[in-house]
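Colleague: show me the folded form of this:
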Amino acid sequence: MNVVQMRSAKLEALRRRASELEKRIEQEEQKSKTQERKDETREKVLIGAAFLADMNVHPETRAAVDAVLKRAITEPRNREFLKTRGWF
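Modeller: Next up is the predicted model:
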């Protein structure tokens, strides 16, 4: 193998390695995004559960949550759903 062929082979090996690294980077980024969505969902569930539990003990919490829902939930189908669950 001459010098030109050796350099060409070395460049090709480096390109393959770079491609493999790019794929691994994309996979790790996707894992990170997936975990972030899971964490956000867990956060929402925990906060919601805390408010729901607190409403059983403190009626003023229900009034406050109800006021927030009235301001924040504007989509008719979501408002209708919440009405079926005893809100508004």
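
Colleague: just checking, next helix/strand downstream of the longest helix anywhere in the chain?
Modeller: Here the longest helix in the chain is taken by residue count, with DSSP state H as the criterion, and it is helix 3-57. Going down the chain from helix 3-57, the next helix or strand is helix 59-72, by DSSP states H and E.

Colleague: and that following helix, what does it pack against?
Modeller: Applying 3 or more C-beta pairs under 8 Å, 6 or more residues apart in numbering; DSSP states H and E, one finds that helix 59-72 contacts helix 3-57. (Glycine included, C-beta is placed from N, CA and C.)

Colleague: hang on, the earlier thing: angle of the longest helix of the chain against helix 59-72?
Modeller: 130 degrees (axes from the mean of the first three to the mean of the last three C-alpha atoms, to 10 degrees).

Colleague: work out the gap between helix 3-57 and the centre of the chain.
Modeller: With C-alpha atoms, centre = their mean, to the nearest Å as the basis, the distance from the averaged C-alpha position of helix 3-57 to the chain average is 12 Å.

Colleague: ok, A9 to E20 distance?
Modeller: In this structure, A9 and E20 are separated by 17 Å, where distance is defined by C-beta to C-beta, to the nearest Å.
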